[in-house]
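J.: Generate a structure from the sequence data that follows.
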Amino acid sequence: MNAMSEYLTVLALFLVLAAPALVGHLHERRIDRQLKAAAQAATAVRPVTRDRTWTQKSSSRSTVPSTATWYADGRRSKKLVSS
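T.: Okay, here's the model as predicted:
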């Protein structure tokens, strides 16, 4: 009887430890199915043609100089003023 309770204890601990991984795996499979269905729907709506060339668009975000550039520009301007 002790052996049976020890087996059940080990099985219960295994299930407690493995349950989050199994739930995560099922969640990932569901997401994969949704992505596959969305990709199939996108190709059904707009077929991909090979003769089109796609150009990469630049970012609409303006670029800001880094702190080092700002510091160097400030030092240059001070040198020009003090010279």
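
J.: Can you show me the helices along this structure?
T.: For the chain, applying DSSP state H gives helices covering 2-45, 67-82.

J.: Next, format these as a markdown table and append mean neighbour count and mean pLDDT.
T.: Yep, even glycine has a C-beta here, placed from its N, CA and C like the rest. Below are the helices of the chain laid out as a markdown table (neighbours: other Cβ atoms under 10 Å; pLDDT from 0 to 100):
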| stretch | mean neighbour count | mean pLDDT |
| --- | --- | --- |
| helix 2-45 | 10 | 93 |
| helix 67-82 | 9 | 58 |
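
J.: what's the distance between residue 3 and residue 40?
T.: Distance, residue 3 to residue 40, using Cβ to Cβ, to the nearest Å: 52 Å.

J.: same deal with residue 26?
T.: 21 Å.

J.: and if you look at residue 11?
T.: For residue 11 relative to residue 40 (Cβ to Cβ), the value is 41 Å.

J.: what's residue 11 in contact with, if anything?
T.: Residue 11 makes no contacts at all, as judged by Cβ atoms under 8 Å, 6 or more residues apart in numbering.

J.: Distance check, it against residue 5.
T.: 11 Å.

J.: How about residue 24?
T.: Distance from residue 24 to residue 5, by Cβ to Cβ: 30 Å.

J.: same thing with residue 29?
T.: Relative to residue 5, and taking Cβ to Cβ, residue 29 is found at 35 Å.
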